[in-house]
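>>> Generate coordinates for the sequence data below:
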Amino acid sequence: MQQLLIDFSGNLPDGLQIDTALSFKPFMTFLQKRIAEEKTVKVDFFKKILEKFEAANLPDELTIPQLYEHTELLEYLYASMAPMFSTEEETLWALWVPVHPTIVYGTESFYTVLQSRKTDLINRSLEDYRKDRIDMIYSFILKRFYNYHSPLKNEQYHAYQNDESGLLQYYTVHINTEFIEATAKGPLPELNFGKLHAHLTQNTGTEYLESILPLELFKFRGISVSTIQDVTAEKAVTNITKIRLNRKAGNDEEIYKSVIQSLKTLVCNSKIEFDIFPFLRVNGKMVYGFGRGGTGILYETWGDQRLTPETFQYQASSYAANPNSFFSRDVAKESLREFSFLQTFVNKGVRSLALMPVFHNGVLVGVLAMHTWAPESFDEKTFAKLEPAITPLGQLMQIYIDAFNLEIDNIIKEKFTSIQPSVQWKFNEIAWDYLYRKKKDPSITETAPIRFTTVYPLYGAIDIRNSTVERNQAIQADLEHQLKKLGDLFAEAQSYHRSTLLDGMIFSSKTWLQTVGQEQLTTTEEGNVTYFLQVESVEYLQYLATEEPKAKTIIDSYLKTIAEVTDSNKQALDQSMTLLNNSINKYLESEQEQLQAAYPCYFEKFRTDGIEYDIYIGQSIAPDRPFSHFHLKGIRLWQLTSMANIARLTKSMLPDMPKALHTTQLIFLHNNTIDISFRTDERKFDVEGAYNIRYEMIKKRIDKVHIRHTEERLTQPDKIALIYFNDKDVEDYLPYIHYLQGEKVLDSEVETLELEDLQGLTGLKALRVTVLPE
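Numbering: from 1, shown residues only. Prediction:
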């Protein structure tokens, strides 16, 4: 035991003037009460201690030097409170001046903990320290004088860094106020406990109590008794729980780091590594995850760098069917024939390894790996320390799995259905309405219509220039090449074999070659010549190879060559079109977040030879956010800017295309609002009303429109065409054109054009601007 004075506040002044003094009187009163109540042999022990204290003839109040004169009494006091079979080395116990952060006496181990951990890593300002102390005092006062158990804390947490492991250790200091006698110096006010509870709930309880119940009204005599408890394990588990509750999208890497640090703290060893591997499922089958939780060794063992999807499914499903824990102090000494999965761990230099299945609500959600790099190792006792963390880890893995499933759902909604996040709320409302009505009337089968009224439409189209012509030319080039190869083969085959059948095939090939050489093939002609090349000629060549073995070599060579180059021109065209469309689509996808942040809108893309899109924006899309004309202006500026960026993008890709293709950019300006509704039969949105349907008709007919009295198509490479009816329709776009001209994105020349009449459409006009190269 030690008699040593330590100010636990760290010499932080708190400005509190509290009437307090040391006294053994409350402890002696406590002994008298226990002697009267105790029915066991403990009563003799209590009587002996009380006799010792009474014989000392102590004053009611003691100074610290006077306290230290009674070493024997202090030891009796400790003996009466310490657990029966505990040693002083394992008991963290001390006496304090009542309601004052001054330690006067305690066990060696208590002082060792305090003196070896001088820097508390839980940063407390002077105000924090003062509030913590006042909270404990008022908690005592409210209980003693008003029999009110307040939520104000009567314990403190402290964190220190372990010098050996570098990890945090957490301790809590419990204060026992049972041996403090509090006396009011005058009449006490009545408390409004409803008002007090409201202040405590709002975290203003301390200030409220100081105003109506100042500490100067009280005096405190006696001793405070405190114990220190190592709560590192509990705190580590609590930290994992907090991480689970505070998880945000996109911060998985930080979450893994925090969780793993907490696990290291839990096992008290910074040299032990951890890996977290959630089990993700699609259609009930295991699939790869994307995050590397920890060192990544589980991902390397079970990830796509080592296993095929089928092998991973088999191994993961096999483990899920029999999810046992595994432990090895040294994996290099294990039988690889029995545990073949250990090979990766051995190769990576792992020494000790533990694998633990993690469950959530009885369902396997992942695996936790605990390992060391050679030469470090751990034993089963260390492994067992993880047990308290398994439940919160299971909850965390389930959250990750739920987020993965939600991401899959969002992709399906965005890529494959018309239910986008901006309109999801409406589908939710209609679905709830349907469910509510059906519960009351099971005969109901129809949902309420999903409709958005008074929305502004924006239409854009990025088309591949002359795609139909390019495709026809590619097909004709491929057919012509193959027919020439076939003609050469037939000519060479005549040196080995002569027959009227061969002469007929030669005639057919020459006839088809002439047909293919025409300006444009009809669909019927294309089908017939393809049938001749892929069926008739092949069947004849196979027959000829059996009839004339000498021709077999050249026939086999032809068939092999043709299989490799049959569609070379069309493949080059398709690859270029795919490259263009993927790049355009990727650009539009990358703009979605910025677009939706400005104001939610419905954005739907269509794949043709190029990319078309419809955008609808208006108050009914986002009823909780006020819509103004400035939101419309913003999205129109985005539309014009994005078209210029796409024109530049596609032009920059020309060197990378197997077949050089150019794009054209078209915008249709419609200044009036329309109504749209979701068509459940086609699973898509469509316009409503005769006037609105006319808008759809216009979009379908303007893509190949010509400039009036010319054969020139409006849409041209490196240009943006804006089609409209009335001059008012284009007013919003003119300032944006001037702006982009100033930014050297658009050329200074703006063409104002009249367009040809189309079926049912007259009076079309257009602006056309040239996009400058970067």
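
>>> what stretches of the stretch 501-650 of the chain score poorly on pLDDT?
Within the stretch 501-650 of the chain, the segments meeting pLDDT under 70 span 519, 563-565.

>>> quick one: the helices in it?
Counting by DSSP state H, counting those that start in this stretch, the stretch 501-650 of the chain has helices at residues 523-531, 537-547, 552-565, 568-598, 629-652.

>>> and residue 467, which of the ones you listed is closest to it?
Of all the helices of the stretch 501-650 of the chain, helix 568-598 sits nearest to residue 467, with 7.1 Å by C-beta to C-beta. Using the backbone N, CA and C atoms, a C-beta is placed for each residue, glycine as well.

>>> hmm, back to that, give me whichever of the helices of the stretch 501-650 of the chain is most buried.
Ranked by mean neighbour count, the helices of the stretch 501-650 of the chain are led by helix 629-652 with a mean of 18 (mean count of other C-beta atoms under 10 Å).

>>> Run the angle between it and helix 568-598 for me.
Helix 629-652 runs at 150 degrees relative to helix 568-598, counting by axes from the mean of the first three to the mean of the last three C-alpha atoms, to 10 degrees.

>>> Using the three-state scheme, assign the nearest residue to residue 20 once chain neighbours are set aside.
Distance criterion C-beta to C-beta, 6 or more residues apart in numbering; nearest residue to residue 20, sequence neighbours excluded, is residue 220 at 4.4 Å. Classification of residue 220 using DSSP: H, G, I helix; E, B strand; the rest coil returns strand.

>>> Thought residue 182 was touching residue 220, still the case?
Yes: using C-beta atoms under 8 Å, residue 220 is in contact with residue 182, at 5.4 Å.

>>> Look up how far residue 144 lies from the residue nearest to residue 20.
10 Å (C-beta to C-beta, to the nearest Å).

>>> between residue 220 and residue 182, which one's more packed in?
Ranked by neighbour count (other C-beta atoms under 10 Å), residue 220 and residue 182 place residue 220 first, with 24 against 20.

>>> residue contacts, the more buried one?
18, 19, 20, 21, 98, 99, 180, 181, 182, 183 (C-beta atoms under 8 Å, 6 or more residues apart in numbering).

>>> Please report which of those has the highest neighbour count.
residue 98 (26 neighbours).

>>> helix, strand or coil for that residue?
coil.

>>> For residue 158, what is the enclosing helix or strand?
strand 155-161 (DSSP states H and E).

>>> Report the next helix or strand after that strand in sequence order.
Later in the chain than strand 155-161, the nearest helix or strand by DSSP H and E is strand 168-176.

>>> Parallel or antiparallel, list what pairs with the helix or strand following that following strand.
Proceeding N to C from strand 168-176, the next assigned helix or strand is strand 180-184, under DSSP H and E. If you go by DSSP bridges, strand 180-184 pairs up with strand 218-222 (antiparallel).

>>> ok, back up a step: quickly check the contacts of residue 220 for the two that are furthest apart.
Spatially, the most separated pair among those is 18 and 181, at 14.1 Å (C-beta to C-beta).

>>> Quick check: longest strand in this structure by residues?
As assigned by DSSP state E, the longest strand anywhere in the chain is strand 451-464.

>>> Figure out how far it is from the centre of its chain.
Taking the mean of its C-alpha atoms, strand 451-464 sits 31 Å from the chain's own mean (C-alpha atoms, centre = their mean, to the nearest Å).

>>> try stretch 578-596
For stretch 578-596, the distance to the chain centre is 21 Å (C-alpha atoms, centre = their mean).
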